[in-house]
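[1] Got a sequence here, can you build the structure:
(chains A and B)
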Amino acid sequence: MAGLQRVYKQRIKSTQSLKKMFRAQELIAASRIGKARDRVSMAAPYSRAITRAVSAVATHSNVTHPFLVERTDTKRVAVLLIASDRGMAGAYSASVIRETERLIERLEREGKTVSLYVSGRRAVSFYSFRGRELAGQWQGHSDAPSTEVAGEIAEALLDAFRAPADEGGIAEVHVVYTHFVNMVTQNPRVIRLLPLEVVEGVTPPDDAETLPLYEFEPEPAVVLDALLPRYVRSRIYACLLQAAASELAARQRAMHTATENAEDLIRMYTRLANQARQGEITQEISEIVSGADALASAS
Amino acid sequence: MATLEVDLVATDGKIWSGTARQVIAPAGDGEMGILAGHQPVLTVLKPGEIRVYPPEGGEVLRWTVDGGFLSFDANQATIVVDEVVEPTTSRAGH
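    Numbering: from 1, shown residues only, chains lettered A, B, ... in the order given. The predicted structure follows:
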């Protein structure tokens, strides 16, 4: 009986220290999420400007660019998966990986070969555990992505896109990331990054204003050549930032729930411990009483 | 005096915005100066120095950038740069 009490006491103690950890994680995530959302909104002017410029070039000149046309010489496509470096974020990584698996299945049904690019340690270990080959991997930046990392990822994908078919060239680039809707809702989302879904999709929503007739310096093709890699980089950066904000929101929520669950457990164990103690006391009393009775009847 | 609106934007945020008398930027084939009412233009920038002349003729604002592009339309210049290497404003008049 006394053993039972001790077991409960131990459980209460360990749950209490877990609860402290969960609470700390929750607070850390909560304090970082504001910064992550600021970063999302700070990157907006750049991507707006670049989107405007790309659609200006694309609408006012008849230049074509390798990034804008479908490649037909290869069946290989790239999928970029953006997940988190750490766990403790509920189903965040799991759901974006599941979305990726679904996309890969669909692409393979269409007769394409998928080469996988992965950002985030969780997803990297998911795939290396399963022995899948990764064409590229990046880790260690998932909750505060930098423009350099976005540049590296973009460079790798663009190199693969530019490469000829027999050197592992790819025909499409898909990105799977988690879109930050608000603090409560984050949705895994798939976008096709390359070839760019031209102009109509790229034009800014305020179509009331018509883009003026630009003079291109030095010439449209060169301008486009300089703009498109930047556009791709800014899109990837935006995805990374969205994913970071989503990760932190998911972590905050998951850790909040974990803290509450720990509290519930502590409450339950406290009750059980009290019950055990009471049971022990009752047993001792009845033992003493029955012992006294036995002595009284013997004399 | 005619002025134009300038936005200087980098990948991770807006760096400067305001009005100016003239903007000089390192365009693909030589420096390009833009005054109010310039025709719409979209140009690639080389690494170099961007200079913004304030309307009142005060101190010239300078930034060293490592490439980007500039678009100008409707009296609004948007300078998009990859990264500002250093804001050289502090040591103007060297």
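[2] Using CSV, write out every CA atom in stretch B:64-78.
    Taking Å, rounded to 0.1, in the frame of the first residue of the first chain, the C-alpha atoms of stretch B:64-78 are listed here in CSV:
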residue,chain,number,x,y,z
THR,B,64,25.8,50.7,-51.7
VAL,B,65,23.9,47.7,-53.1
ASP,B,66,24.8,44.5,-54.8
GLY,B,67,22.4,44.5,-57.6
GLY,B,68,18.6,44.5,-58.2
PHE,B,69,16.3,46.4,-60.4
LEU,B,70,14.5,49.7,-60.6
SER,B,71,11.1,50.4,-61.9
PHE,B,72,9.7,53.9,-62.4
ASP,B,73,6.1,54.7,-63.3
ALA,B,74,3.5,57.3,-62.3
ASN,B,75,6.1,59.3,-60.5
GLN,B,76,6.9,56.4,-58.3
ALA,B,77,10.3,54.8,-58.3
THR,B,78,10.6,51.4,-56.8
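[3] chain center to that stretch: distance?
    Its chain's C-alpha centre and that of stretch B:64-78 lie 6 Å apart, by Cα atoms, centre = their mean, to the nearest Å.
[4] Stretch A:87-99 too?
    Relative to where its chain is centred, stretch A:87-99 has its mean C-alpha point 7 Å off (Cα atoms, centre = their mean).
[5] Burial check on residue A:118, number of neighbours?
    27 (other Cβ atoms under 10 Å in any protein chain shown). Yep, even glycine has a C-beta here, placed from its N, CA and C like the rest.
[6] Which one of the residues in the stretch 51-200 of chain A is closest to chain B?
    Closest residue of the stretch 51-200 of chain A to chain B, Cβ to the nearest Cβ: residue A:147 (4.5 Å).
[7] what residues does chain A put near chain B?
    Residues of chain A lying close to chain B by Cβ under 8 Å from any Cβ of the partner chain are A:39, A:42-43, A:45-46, A:49-50, A:52-53, A:56-57, A:147, A:150, A:211-218, A:222-223, A:226-227, A:230, A:233-234, A:237.
[8] ok now do the residue in the stretch 1-150 of chain A that chain B sits nearest to, which residues does it touch?
    With Cβ to the nearest Cβ, the shortest gap between the stretch 1-150 of chain A and chain B falls at residue A:42, namely 3.7 Å. Neighbour list for residue A:42: B:12, B:13, B:14 [criterion: Cβ atoms under 8 Å, 6 or more residues apart in numbering or on different chains].
[9] distance of the last one from residue A:224?
    With the distance defined as Cβ to Cβ, to the nearest Å, residue B:14 ends up 25 Å from residue A:224.
[10] I'd like to know which residues of chain B are adjacent to chain A.
    B:7, B:9-14, B:27-29, B:32, B:39-44, B:68-69, B:71, B:73-74, B:78, B:80, B:82-83.
[11] which residue sits closest to the residue of the stretch 101-250 of chain A found nearest chain B, ignoring its sequence neighbours?
    Nearest residue of the stretch 101-250 of chain A to chain B: residue A:217, at 3.6 Å (Cβ to the nearest Cβ). Sequence neighbours aside, residue B:43 is the residue nearest to residue A:217 in space, at 3.6 Å (criterion: Cβ to Cβ, 6 or more residues apart in numbering or on different chains).
[12] what's across from the one you found in the sheet?
    residue A:217, residue B:70 (DSSP bridges).
[13] Setting aside sequence neighbours, what's the nearest residue to residue B:64?
    residue B:85 (4.5 Å).
[14] mind checking how far that neighbour is from chain A?
    According to Cβ to the nearest Cβ, to the nearest Å, residue B:85 and chain A sit 14 Å apart.
[15] Of the contacts of residue A:42, which one scores lowest on pLDDT?
    Ranked by pLDDT, the contacts of residue A:42 bottom out at residue B:12, which scores 77.
[16] Thought residue A:147 was touching it, still the case?
    Yes: using Cβ atoms under 8 Å, residue B:12 is in contact with residue A:147, at 5.7 Å.
[17] So the two - more neighbours on which side?
    residue A:147 (21 against 16).
[18] Quick one, grab the pLDDT at the more buried one.
    85.
[19] got a list of what it touches?
    Residue A:147 touches A:233, A:237, B:11, B:12, B:83, counting by Cβ under 8 Å, 6+ apart.
[20] neighbours of the residue nearest to it when sequence neighbours are not counted, just the number please.
    Excluding its sequence neighbours, the residue lying closest to residue A:147 (Cβ to Cβ, 6+ apart) is residue B:11, at 4.5 Å. Residue B:11: 24 surrounding residues under other Cβ under 10 Å.
[21] Kindly indicate which of the contacts of residue A:42 lies nearest chain A.
    Scanning the contacts of residue A:42 for proximity to chain A, where the rule is Cβ to the nearest Cβ, the winner is residue B:13, at 3.7 Å.
[22] doesn't residue A:47 make contact with the closest one?
    No: Residue B:13 is beyond contact range of residue A:47, at 11.5 Å (criterion: Cβ under 8 Å).
[23] if you count what's nearby, which of these two comes out ahead?
    More crowded of residue B:13 and residue A:47, by other Cβ under 10 Å: residue A:47, with 19 against 14.
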